[in-house]
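Asker: Structure here, sequence nowhere to be found:
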């Protein structure tokens with residue numbers, strides 16, 4: 001029993017220190033009570049995705065499809081069916097009731113105004129439970145994403161101080177995210193609730209890349225808006241003209257896109273690169289110690305390379321140069337003619353074929369030499385036999 005309690009304590013401390021994030025899905029009928037809860041006591045809810053699936057036999061408004069009809073004056077007019085969600089989007093209600101909390105409940109037919117337009121159906125909610133240490137909540141902070149040779153985080157969340165109860169104003173709240181070279185940053189605005197003065201926005205959220213505003217809004221989009229930077233850094237600015245605002249503010253998810261730059265190994269050069277693959281080749285007479293060949297490919301998965309880094313440097317090769325050179329030429333010609341960069345099967349087959357041909361040539365040479373040796377031996381034996389009678393006569 002004591003061992004079990006120790007395990008629970010250690011696991012709790014581990015998740016507290018290292019952070020915790022869990023993706024959860026809740027599903028139920030339109031009149032069912034859905035409970036959104038997080039197992040970790042310090043976790044908060046972030047709504048990721050909301051879908052409603054109506055019963056096909058219960059209601060005609062199943063999609064945002066327009067149809068034609070003849071008006072009184074004989075002209076054809078287009079009537080557009082209602083949008084797939086009522087005027088109040090379920091996501092807005094869920095953000096208002098659940099975002100930033102540890103647990104909540106939701107009944108689609110009761111809590112979402114206008115849900116009667118849908119009739120019966122099922123609603124599915126996908127949300128994340130995240131600990132506070134995965135969230136950057138202080139203004140004017142700089143976030144550095146994981147470095148190349150570390151196992152740090154390449155994603156996280158940003159929220160304003162006071163979320164989800166209020167956000168302060170009459171100042172700019174800024175966050176700057178910096179990734180590695182050749183990486184991009186993807187932002188997803190999960191929740192935004194600001195003071196809006198129609199027709200404009202008195203409070204606004206701006207996203208900047210190299211000092212230029214690439215996106216600005218004060219409204220929640222459905223589905224949530226996504227913004228990808230053009231460089232390895234991006235800046236988020238929340239501006240307000242009021243002192244204290246009784247609105248939630250913003251909750252944003254960020255993630256690194258693409259893998260960082262890799263240094264070229266010694267005595268090697270870069271053959272090919274795209275967003276998901278890098279191919280290196282050692283110079284003539286060298287090979288990679290881990291692959292035993294001149295070629296080495298490294299794939300990008302998410303924001304990390306699928307190989308131990310840094311790459312091993314090339315070493316002196318024991319493989320015949322003509323064999324490896326032919327492989328490189330064939331491989332490069334395949335790339336230049338539009339071969340799929342993710343496919344390594346063809347070069348591997350060519351490499352195997354070259355080794356087999358080489359082995360076959362050696363085998364036939366060996367057999368030919370053996371056969372020639374047997375012929376020479378027989379010739380010597382016949383020669384000795386033909387000379388013996390002559391020697392006897394001379395004696």
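Answerer: Looks like it arrived, so ask away. On a predicted model such as this, the values are computed, not experimentally measured, just so you know.

Asker: State the pLDDT value of residue 12.
Answerer: The model reports residue 12 with a pLDDT of 46.

Asker: the helices in the stretch 201-350 of the chain, which residues?
Answerer: Remark: helices assigned in the stretch 201-350 of the chain by DSSP state H, counting those that start in this stretch are 321-336, 345-394.

Asker: Among those helices, show the one with the smallest mean pLDDT.
Answerer: helix 321-336 has the lowest average pLDDT among the helices of the stretch 201-350 of the chain, namely a mean of 54.

Asker: what's the neighbour count on residue 131?
Answerer: Number of residues near residue 131 (other CB atoms under 10 Å) recorded here: 20. Placement of C-beta: from N, CA and C, glycine included.

Asker: Looking at strand pairing, list the partners for it.
Answerer: residue 43 (DSSP bridges).

Asker: For it, give me the pLDDT.
Answerer: You'll see residue 131 listed with a pLDDT of 90.

Asker: Would you agree it is in contact with residue 39?
Answerer: No: counting by CB atoms under 8 Å, no contact exists between residue 131 and residue 39, whose distance comes to 11.0 Å.

Asker: tell me, what residue is most central in this structure?
Answerer: With distances taken as CA atoms, centre = their mean, residue 302 lies nearest the centre of the chain, 3.0 Å away.

Asker: Test for you: state the pLDDT assigned to it.
Answerer: 71.

Asker: Domains in this structure, by residue range?
Answerer: 2-64+77-132, 137-257, 268-354 (automatic domain parsing).

Asker: for those domains, which one ends up most surrounded?
Answerer: Of all the domains of the chain, domain 137-257 has the most neighbours on average by mean count of other CB atoms under 10 Å, namely a mean of 17.

Asker: ok now that domain, how far from the chain's centre?
Answerer: 20 Å (CA atoms, centre = their mean, to the nearest Å).

Asker: same check, this time on stretch 275-282
Answerer: Here stretch 275-282 shows a centroid-to-chain-centroid distance of 18 Å under the convention CA atoms, centre = their mean.

Asker: Need the nearest residue in space to residue 129, chain neighbours excluded.
Answerer: Excluding its sequence neighbours, the residue lying closest to residue 129 (CB to CB, 6 or more residues apart in numbering) is residue 38, at 3.6 Å.

Asker: which ones are touching that neighbour?
Answerer: Residues in contact with residue 38 (CB atoms under 8 Å, 6 or more residues apart in numbering) are 22, 24, 44, 45, 102, 103, 129.

Asker: Which of the helices or strands spans the last one?
Answerer: Under DSSP states H and E, the secondary-structure element containing residue 129 is strand 121-131.

Asker: Tell me the helix or strand right after that strand.
Answerer: Assigned by DSSP H and E, the successor of strand 121-131 is strand 135-136.

Asker: Please name every helix or strand in contact with the helix or strand just after that following strand.
Answerer: Next in sequence after strand 135-136, counting helices and strands by DSSP H and E, comes strand 141-144. Where contact means 3 or more CB pairs under 8 Å, 6 or more residues apart in numbering; DSSP states H and E, strand 141-144 is packed against strand 172-178.

Asker: Endpoint to endpoint, stretch 113-133 covers what distance?
Answerer: Distance across stretch 113-133, first residue to last, is 35 Å (CA to CA, to the nearest Å).

Asker: cool, and stretch 120-138?
Answerer: End-to-end span of stretch 120-138 (CA to CA): 43 Å.

Asker: What's opposite residue 105 in the beta bridge?
Answerer: residue 35.

Asker: Now the residue nearest to the centre of the chain. Its backbone dihedrals?
Answerer: Backbone torsions for residue 302, taken as degrees, to the nearest 10, come to phi 70, psi -110.

Asker: Report the rounded mean pLDDT for the helix or strand containing residue 91.
Answerer: In the assignment (DSSP H and E), residue 91 maps to helix 90-97. Average pLDDT, helix 90-97: 93.

Asker: and it with strand 121-131, angle?
Answerer: 40 degrees (axes from the mean of the first three to the mean of the last three CA atoms, to 10 degrees).

Asker: Give the closest residue to residue 140 in space, chain neighbours not counted.
Answerer: For residue 140, the spatially nearest residue (CB to CB, 6+ apart) is residue 174, at 5.2 Å.

Asker: these two touch, right, that neighbour and residue 139?
Answerer: Yes: counting by CB under 8 Å, residue 174 touches residue 139, with 6.3 Å between them.

Asker: on that earlier part again, and the domains of the chain as a markdown table, adding distance to residue 370?
Answerer: Formatted as a markdown table, the domains of the chain follow (distance: least, CB to CB, whole Å):
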| stretch | distance to residue 370 |
| --- | --- |
| domain 2-64+77-132 | 66 |
| domain 137-257 | 55 |
| domain 268-354 | 23 |
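
Asker: Against residue 280, how distant is residue 310?
Answerer: 12 Å (CB to CB, to the nearest Å).

Asker: How about residue 278: what's its closest non-neighbour residue?
Answerer: residue 298 (4.8 Å).

Asker: meant to ask about residue 106, not that
Answerer: Distances taken as CB to CB, 6+ apart place residue 34 nearest to residue 106, at 4.9 Å, with adjacent residues excluded.

Asker: mind listing what the one you found touches?
Answerer: Shown in contact with residue 34 (CB under 8 Å, 6+ apart): 26, 27, 28, 105, 106, 107, 108, 123, 125.

Asker: how deep is residue 266 tucked in, by neighbour count?
Answerer: If you count neighbours by other CB under 10 Å, residue 266 ends up with 13.
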